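[1] structure here, sequence nowhere to be found:
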C-alpha cells in the first residue's frame, strides 16, 4: 500500500512538473512573438478598425488552405493571393492585369534595357511604422536565390528575370551578396540584368519579388510568417487572424497604407471549404459573398445573376511521349489524334464551367501584345493542324498506320485522379476510340504528384496535363518546348524552334516588341505544325459572386484575385 | 498489477518504435515526392532534398528522426504548411479534433447505452424494434451522409447551428459534427448493450439476486450493467481513438481545422514528416487507450484483476 501511495505521489509530481514546463515554454513563445510595442500598436489599431468599420467584411471561399505566407517560399495561388492582400511589390496589377507603380513611384529603364532603377515611395511604411526601404528588397531577393532557402520559385530570378548572377548563386557557385540588385540609398533600388527582359516590370507584382524587412525577419527567426504577430504588412490590409494551414483567415483594412483611400472594404474574411455542397449552401445562406461552383452544380445556379465564369489561365492539353513511343513519333498519328478531339463537346457537355475550347499552344486571355491584342485571340490560325474534323483525322490515321505497318494501336493515357481530369479523360478516350478505327485508349488515373513524376521521367504514352502562366507573356508556355526543358514532356526537339525562343529571350529582337511578338507566333506555329501537344481547353472557374459586391479583380497570372478596389454594399 | 502495467508500457514503447520504422519505409514506397512540382528543375529538387536531409540513407534519416523526437522535435512540414514545425501544426489542431471527438464519444456512449437498456428491458416490444432500427441505420449509414443531412436540415434550412466550424463559436459549431460522428458509436453501443443485457438479465445470478430481494436501481446498476459493461468497453475503446483523432470526411465537410483533414492533405502532397508524426500520434493514442482499457477491466471485473495479479 505504501509503495502504491509513493508511486502515486511521484507520478503526480512528474505530471505537475511537466505541466509547469509546458506552460512556461508556451508563455515564452508568446512573449517572443508579441515582440515589439510597435507590433502591439498594429494589433490595437486593427481591433479599432474592426469596431468602427463601415460596411461589412467581404467573405471569400478558398478551395485549399494557404501553404506558406513567406513570399519567397510560397508557390500556390491561394498563398500568393493572401500575401498580396497585405503586401505590395514594386509594381502591382491594375484591373486589366497591366503592371502599375505600387511601392515604386517611378522607374528608370536604361536604354540598353539592362538596368532598372526603382524609386520607392517616401510614404511606404511597414505596419510596425518602419519605412519600406531598398534594403528590404535586396534582403528578400537574396533570400529567393539563396540555395539554403531553396525557394521553389528562384527560377523567376534566373531563367525568367535574368538578374545578374542569379543562376550562379542558385547553383552555389557565387555568394548571394553578388546578386545584381543594390540599394543605392534607402529609397533607390538598382537591378542589373544579363539581357533585356521585355516583361521585367510585370514580374514585380509576383509575390516572390516582394520585400521582407530583415530586422523583423531575424526577430521572428523560424516562425516568420506563421501567425499575425510574425507577419508585417505594407499593403491594403493587415493580417489579424491566421495559423498554419488555417481554415479561417481574417484581414483588416490597413489605415496607414499609402493608398488607404482606395480601399473600401473594412476587412476580408477567408473560409476554406473543401466540400462543394457546403460551399454552395454557405453562399446561399449569406455566409459567403463569393464561392466556386463545380460542374455538377452549374445547372442549379446558371440562371442566377451572380453566376459568372472567371478565366483561370490554365491550358489543359495532352502531351504525347515522342521519345519512347514509336507510334507517337509518327506525325500523321499525332495529327490524327489531335483532329479527332471534339473540344467543343468537352467544354459544353462535360465541364460546363465556362472553360473555352483551345486550338493554340498558348491559351487565351493572359498575354496582350504590343498593340494590346490577345496573343491567342485568333483560334483559327492553326486550323490546318488543330481542329475537330473526324474525316481528316481518319485520313491521317490510315496514313500513319500504313507508315507504321500496323492495323491497330493501343495507347495508355495517364491523368490526375481529380474530378475534372477524370471526366475529361473519359470523354477523350471515347472520342478517340469512336473516331479512329483500331485505336484503344487505356486510362490510368493517379495522384497529380505521381503523374507529374512519370511524365518528367518519360514513363508514359499520353499524358493529360495542365500549365498555368507564371507571367503575362507567351514565353511562359513557349519556353517549355525547347530541347531538354523538364516540362517538355514530349521530349521534342527542333533546332529552329530553339533558336527563335533564344532570340526572343536574349537576342536582338528581345527589345523590339513587334518583331519579338511576330517571332513568337512563328515558334508557336512550328510546335503546332508538329503536333507537339494536343491543346484541349483554357480553364475557367465557375463562380458565384454576390450581386452587391463589385470591383474584385480577377487575373489568370500571379495574383488570381485582388480585393484592393472591391466594394460591398 | 504494477509489474503488469510496466511490462505493457515497455512493450508499447517498442511497438511505437517499430511502427515509426515501418512508417519510414512506407513513405519511401509512396509514389511521387513532396518536391515534384513541374516547375522545379533537377538541381532545385536536389537542393530541396539536401535541405531537408532527404538525400541521406533511410536508416540515418530514421535514427535522426527518432533522436529529434525524443527532444520533442517532429520536424517541419515540407509542403502543406512550408517549414512550419509540426509540433506547432498539431498543437493547434489536435485539441479541436479531440474536443469534437470526445463530444461524439460522450453523446454516442450515453445515448447508445440508454437505447440499449430500453431495448433490453422492453425486450420484444415496439420499443425494442425501434431501437434496433435506429442502430441498424446508425451502423450502416456513413457519417458523412449524416453530416450532409444534418448540415442541410439544421444549418441551412432551420439555421439552428452554424454549417461550418468557427473558432468564435466552438461549442455551437461543434454540435452538428459531433452528432454526425456519434451515430456509429451510438448504434454499436446500443446493439451491444442490448444483447449483453438480455444475456445478463436471463442469467442465474440475476435470478439469485432478485430472489434475495434486491430490486430496481441496485439490481440494474451493480449487478446487470456492471457485467454487461466489459464487452462494451472493448468495443468503445477503438472507437474513442477513431473519433478523437479526427474524422477525415466530417472534418472536411464542416471545415474543421483538425488533424484528420491535415493527414489527408499531407498524404496527398507527400508531406512525409506530417504523415509520420500524425500516424505516430494515432498509434500512441491507440496503444495508450488499449492500456487504459486493460486497467479498466480490472476495476470493473475483480476476476480479471485477480488473475493478472497472479501472473
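    That came through fine. Everything quoted here is computed from the prediction, not taken from an experiment.
[2] where does the stretch 201-311 of chain B have low pLDDT?
    The model of the stretch 201-311 of chain B has pLDDT under 70 over residues B:246, B:302, B:304-311.
[3] around chain A, pick out the residues from it.
    With C-beta under 8 Å from any C-beta of the partner chain as the criterion, the stretch 201-311 of chain B meets chain A at residues B:252-257, B:261-262, B:265, B:268-270. (Glycine included, C-beta is placed from N, CA and C.)
[4] what does the stretch 351-500 of chain A have sitting close to chain B?
    With C-beta under 8 Å from any C-beta as the criterion, the stretch 351-500 of chain A meets chain B at residues A:446-447, A:449-450, A:452-453, A:455-456, A:465, A:467, A:470, A:486-487.
[5] any chance of those residues in a markdown table, plus neighbour count and secondary structure?
    Below are those laid out as a markdown table (neighbours: other C-beta atoms under 10 Å in any protein chain shown; DSSP: H, G, I helix; E, B strand; the rest coil):
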| residue | neighbour count | secondary structure |
| --- | --- | --- |
| A:446 | 16 | strand |
| A:447 | 18 | coil |
| A:449 | 21 | helix |
| A:450 | 20 | helix |
| A:452 | 24 | helix |
| A:453 | 18 | helix |
| A:455 | 22 | helix |
| A:456 | 19 | helix |
| A:465 | 24 | strand |
| A:467 | 19 | strand |
| A:470 | 21 | coil |
| A:486 | 15 | coil |
| A:487 | 19 | coil |
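[6] and which of those residues is nearest chain B?
    Ranking these by separation from chain B, with C-beta to the nearest C-beta as the measure, puts residue A:449 on top at 3.1 Å.
[7] correct me, but residue A:513 touches residue A:370?
    Yes - with the criterion set as C-beta atoms under 8 Å, residue A:513 and residue A:370 qualify as a contacting pair; they are 4.0 Å apart.
[8] what ranges does the stretch 51-200 of chain B have for its helices?
    Listed in chain order, the helices of the stretch 51-200 of chain B (DSSP state H, counting those that start in this stretch) span residues B:58-70, B:86-121, B:126-140, B:143-150, B:170-201.
[9] ranking those helices by burial, who's on top?
    Between those, the one whose residues have the most neighbours on average, counting mean count of other C-beta atoms under 10 Å in any protein chain shown, is helix B:170-201 (a mean of 22).
[10] which strands and helices lie in contact with that helix?
    For helix B:170-201, the packing partners by 3 or more C-beta pairs under 8 Å, 6 or more residues apart in numbering or on different chains; DSSP states H and E come out as helix B:86-121, helix B:126-140, helix B:143-150, helix B:226-244, helix B:248-253.
[11] mean pLDDT for those helices: which is lowest?
    Within the helices and strands packed on helix B:170-201, the least confident segment by mean pLDDT turns out to be helix B:226-244, at a mean of 78.
[12] pull up the residues of the stretch 1-150 of chain A that are close to chain B.
    Taking C-beta under 8 Å from any C-beta as the measure of proximity, the stretch 1-150 of chain A contacts chain B at A:4, A:7, A:65-68, A:70, A:73-75, A:147-148, A:150.
[13] which residues of the stretch 51-200 of chain B lie near chain A?
    Counting by C-beta under 8 Å from any C-beta, the residues of the stretch 51-200 of chain B lying close to chain A are B:51, B:77, B:79-85, B:88-89, B:92-93, B:148, B:151-152, B:155-156, B:159, B:163-167.
[14] count of neighbours near whatever residue of the stretch 51-200 of chain A ends up closest to chain B?
    Residue nearest to chain B within the stretch 51-200 of chain A (C-beta to the nearest C-beta): residue A:68, separated by 3.9 Å. As a burial measure, the neighbour count of residue A:68 was computed by other C-beta atoms under 10 Å in any protein chain shown and equals 26.
[15] ok, it - contacts?
    Contacts for residue A:68 (C-beta atoms under 8 Å, 6 or more residues apart in numbering or on different chains) come out as A:74-75, A:79, A:225, B:81-83.
[16] now for those, which pair is the farthest apart?
    For those, the farthest-apart pair by C-beta to C-beta is A:75 and A:225; their separation is 13.9 Å.
[17] who has more neighbours out of the two?
    Neighbours per residue (other C-beta under 10 Å) separate residue A:75 from residue A:225, with residue A:225 holding more: 26 against 18.
[18] tell me the predicted confidence for the more buried one.
    pLDDT, residue A:225: 92.
[19] now the nearest residue to residue A:545 once chain neighbours are set aside: how far from residue A:65?
    In space, and not counting its chain neighbours, residue A:545 is closest to residue A:290: 4.7 Å by C-beta to C-beta, 6 or more residues apart in numbering or on different chains. Here residue A:290 is placed at a distance of 17 Å from residue A:65 (C-beta to C-beta, to the nearest Å).
[20] now what about stretch A:520-533, what contacts it?
    The set of residues that contact stretch A:520-533 without belonging to it, under C-beta under 8 Å, 6+ apart, is A:317-320, A:322, A:331, A:334-335, A:337-338, A:360-362, A:375, A:381-382, A:385-386, A:474-475, A:478, A:481, A:490, A:492, A:494, A:496-497, A:500-501, A:504.
[21] quick check: pLDDT value at the residue of chain B found nearest chain A.
    For chain B, the nearest residue to chain A under the criterion C-beta to the nearest C-beta is residue B:32, separated by 3.1 Å. Note for residue B:32: predicted pLDDT of 73.
[22] can you confirm it is in a strand?
    No - in this structure, residue B:32 is coil, not part of a strand, as judged by DSSP: H, G, I helix; E, B strand; the rest coil.
[23] so where do the strands sit in the stretch 51-200 of chain A?
    Taking DSSP state E, counting those that start in this stretch as the criterion, the stretch 51-200 of chain A carries its strands at A:58-62, A:91-93, A:99-101, A:104-109, A:115-120, A:181-185, A:188-192.
[24] possible to save the ones you listed as a markdown table with mean pLDDT and mean neighbour count?
    Shown next, in a markdown table, are the strands of the stretch 51-200 of chain A (pLDDT from 0 to 100; neighbours: other C-beta atoms under 10 Å in any protein chain shown):
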| stretch | mean pLDDT | mean neighbour count |
| --- | --- | --- |
| strand A:58-62 | 95 | 23 |
| strand A:91-93 | 92 | 23 |
| strand A:99-101 | 92 | 18 |
| strand A:104-109 | 95 | 16 |
| strand A:115-120 | 96 | 20 |
| strand A:181-185 | 96 | 16 |
| strand A:188-192 | 97 | 20 |
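[25] so residue A:413 sits in a strand?
    Yes - assessed with three-state DSSP, residue A:413 lies in a strand.
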